[in-house]
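K.L.:
below are the sequence and a predicted model; questions follow.
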Amino acid sequence: MGGEPANNQPSSVRSDWITRTPKWVLLGGFWAAQGIALYLVQALIYESQNGIDVTIDSTGGFRGILPEGIFGQWPSFENYTNLLIDSEFAIMMGMTIAALTIAQMIFLLPVRRPGLMGNRGHGLKRSLYIAGFVIGGLTLAAVMAIGEYLDTVHKMDFGFIDQFPGGAYFGVGIVVALGWSIATPMLFHFTRPGRKEAVLARLSKKLFLGTIIEVALLIPLDVMVRRKTSCYCWAGSYWALTLCGFIGVFALGPAVFLPILAKRRKTWYAGHCGVCSYDMSGTPDALRCPECGTGWKNVRSRTAIETQ
């Protein structure tokens, strides 16, 4: 008894640097690194694509497309650094990175303290709303890709969209709203009681997997579009890939950190009531939580104690 670490935490867990490091230090470091990486990579992508000013010959095949169509032309160091310090680019990227980080923060809010959620618990509502918007974004990417395919291959004209108030923005809003309105109730319906970080981890994993699948389907279409023209900045496939990239980065943060946060809570769950968070370390043999009356031991443990 006297040799055991305080708070029922095994020494092997307490010596783990992930467990000992405050979670907001881990998350803050990740978000800082994520912001810097996004800023530098986006500047490189933008400047490399900006160097393409000729139509790609369709007979060139992938040898001509890969260096000049997808990855662009390697920019000069001067052009690259000039873009990095450009105020307009900095403001645009700063707002984008801030929006992405805030969305990740809101998504991770339910795991700010350990505990189990109730059925359709209030703590998950914000996260499910955010996940619904992400699914709406993936739906928009799919619609844009289908539209680009129909326009490129079957020469279908979608000019009627411009007749609506707001033009293309109206269509974007309708698609995202429709995807969100369908996905969010389904997320609430299929959410079951359990550890919040486990529920969010499953959501994040599926969102990331959906993004990878869409990107894999979009790349052949994007290659076909870029073989036909060098002016693809308004192509549906280009914006669909951009949107999928944004969603993939959003899902990656929670996908990386939720297993870590779940690991550092293992000992917490072993010593507290998962419903009301009452400290059960003083009554480890109790069948129910003395604070809220919820069953404390699992079914097997309760049966073993009751038969003694």
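P.N.:
Everything's here; your move.
K.L.:
by contact count, what packs against the helix or strand hosting L108?
P.N.:
Element membership of L108 [criterion: DSSP states H and E] is helix 87-108. Contact here means 3 or more Cβ pairs under 8 Å, 6 or more residues apart in numbering; DSSP states H and E; on that basis helix 87-108 packs against helix 23-50, helix 125-153, helix 196-228, helix 236-264. Every C-beta, even on glycine, is put in place using the N, C-alpha and C of the backbone.
K.L.:
7 Å instead, please
P.N.:
helix 23-50, helix 125-153, helix 236-264 (3 or more Cβ pairs under 7 Å, 6 or more residues apart in numbering; DSSP states H and E).
K.L.:
would CSV of the ones you listed with mean pLDDT be doable?
P.N.:
Putting the helices and strands packed on helix 87-108 into CSV (pLDDT from 0 to 100) gives the following:
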stretch, mean pLDDT
helix 23-50, 86
helix 125-153, 91
helix 236-264, 86
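K.L.:
can you list those in JSON lines and add mean neighbour count and distance to T81?
P.N.:
Below are the helices and strands packed on helix 87-108 laid out as JSON lines (neighbours: other Cβ atoms under 10 Å; distance: least, Cβ to Cβ, whole Å):
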{"stretch": "helix 23-50", "mean neighbour count": "15", "distance to T81": "9"}
{"stretch": "helix 125-153", "mean neighbour count": "20", "distance to T81": "32"}
{"stretch": "helix 236-264", "mean neighbour count": "20", "distance to T81": "23"}
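K.L.:
now tabulate the ones you listed in JSON lines and tack on distance to I182.
P.N.:
Output for these, formatted as JSON lines (distance: least, Cβ to Cβ, whole Å):
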{"stretch": "helix 23-50", "distance to I182": "30"}
{"stretch": "helix 125-153", "distance to I182": "8"}
{"stretch": "helix 236-264", "distance to I182": "17"}
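K.L.:
contacting residues for V143?
P.N.:
By Cβ atoms under 7 Å, 6 or more residues apart in numbering, the contact set of V143 is V175.
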